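Peer 1: Here is a sequence together with a model predicted from it:
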Amino acid sequence: MPELPETETIARELNRLAAGATIAAVGVPRPDVLREIAPMALRRRVTGARIDRGWRRAKLIVLDLSTGDRIVVQPRFTGALLLDRGQLDEREHAYAAVRFELADGRAIVYRDIRRLGTVTLMAPERFDRYSAALGHEPLDPAFGAGELSGILRASRQAVKKVLMDQRRIAGVGNIYANEALWRAGIDPSRAARGVSPGETAQLHTALVSVLRESIDARGTSFRDYRDASGRAGGFAERLAVYGRAGEPCPRCGARLIGTHAIDGRSTVLCAHCQH
């Protein structure tokens, strides 16, 4: 967390509100979040650069700079990339790790409570190598049921684990893997190669729909996720299974089961209607 819908929401908002702004200064109060670059080098390379575009790749928020460099942020569990227009509360400032001060008086702040996320500056060649190691984008029109079927057929692992493997499918994490598998009626523990073509088509539809619906709701917030303006996402109230172990299945009424048997991650399913 954040996953694809949350990072997509942040990236879109930063593109809308910060594209065209110039970085006037950089503060790094907690440099342990930096990767592949030291604070002084980060300041030297981004100060004076214009933000040309904000976009997402996998679970990454990417800011393209006029210099060709890219600021690449991976929020992981408690990170957020916030646009500070003087409205951020003390808690957000207290956990600020990197601040990109803009020439117009605003700032883009990376705050991370547990500091498990990362901020990197990548030249184009480095970013291309990094991106090439990531899997298919599930919302790319070129990624259809046939592509998903090829990924599943090649693995004996649990289908849920395959959905979350960033080298195969980029951006899907625990929340949306649980939700997509419930929508498709597939047991998360089944071997991926045993999912039939018809089931794969249902899973593809379920995955795309749940990701798009969450983006429309600005993502899922439980505790720490906030969009670039500091607002919580609204999709949590629409979750069917994630975080609802012991409650009735919304589809059949059976009691939802919670387990950590698949890769140590929280899995919630309905044993009655997921097969």
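Peer 2: Ah, there it is.
Peer 1: List the residues that contact Ser155.
Peer 2: Val162, Arg168, Ala191, Ala192, Arg193 (CB atoms under 8 Å, 6 or more residues apart in numbering). The C-beta positions use only the backbone N, C-alpha and C, and glycine is treated the same way.
Peer 1: Looking at those residues, which one is closest to Ala123?
Peer 2: In terms of CB to CB, no member of the contacts of Ser155 lies closer to Ala123 than Arg168, at 26.4 Å.
Peer 1: where's that closest one relative to Arg35, distance?
Peer 2: 23 Å (CB to CB, to the nearest Å).
Peer 1: Could you confirm Ile215 falls within a strand?
Peer 2: No: applying DSSP: H, G, I helix; E, B strand; the rest coil, one finds Ile215 to be helix, outside a strand.
Peer 1: sorry, back to before: more neighbours, Arg168 and Arg35?
Peer 2: Each of Arg168 and Arg35 has its neighbours counted (other CB atoms under 10 Å); Arg168 has more, 21 against 13.
Peer 1: can you count the residues close to the residue nearest to that one when sequence neighbours are not counted?
Peer 2: Closest residue to Arg168 apart from its sequence neighbours, by CB to CB, 6 or more residues apart in numbering: Gly135 at 4.3 Å. Look at Gly135: counted by other CB under 10 Å, it has 16 neighbours.
Peer 1: do the same with Leu63
Peer 2: Around Leu63 there are 26 residues (other CB under 10 Å).
Peer 1: which one is it nearest to, not counting chain neighbours?
Peer 2: Nearest non-adjacent residue to Leu63 (CB to CB, 6+ apart): Ile71, at 4.2 Å.
Peer 1: The helix or strand where the one you found lies pairs with which strands, parallel or anti?
Peer 2: Under the criterion of DSSP states H and E, Ile71 resides in strand 70-74. Strand 70-74 pairs in its sheet with strand 60-65 (antiparallel), strand 118-122 (antiparallel), by DSSP bridges.
Peer 1: As CSV, these with distance to Leu139 and mean pLDDT would be great.
Peer 2: Shown next, in CSV, are the strands paired with strand 70-74 (distance: least, CB to CB, whole Å; pLDDT from 0 to 100):
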stretch, distance to Leu139, mean pLDDT
strand 60-65, 15, 98
strand 118-122, 23, 98
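Peer 1: Among those, which comes closest to Ser209?
Peer 2: Checking the strands paired with strand 70-74 against Ser209 by CB to CB gives strand 60-65 as the closest, at 23.0 Å.
Peer 1: ok, His204 to Ser149 distance?
Peer 2: Distance, His204 to Ser149, using CB to CB: 8 Å.
Peer 1: again with Gly171
Peer 2: In terms of CB to CB, Gly171 sits 19 Å off from Ser149.
Peer 1: if we can go back for a sec, got a list of contacts for whichever helix or strand comes after the strand holding Ile71?
Peer 2: Later in the chain than strand 70-74, the nearest helix or strand by DSSP H and E is strand 79-84. With contacts defined as CB under 8 Å, 6+ apart, strand 79-84 is touched by 2, 10, 13-14, 17-18, 33, 61, 73, 75, 88, 92, 99, 106-112, 116-117, 224-226, 228-230.
Peer 1: Keep only those of those that are in strands.
Peer 2: Cross-referencing the contacts of strand 79-84 against strands under DSSP state E gives Ile61, Val73, Arg99, Ala107, Ile108, Val109, Tyr110, Arg111, Asp112.
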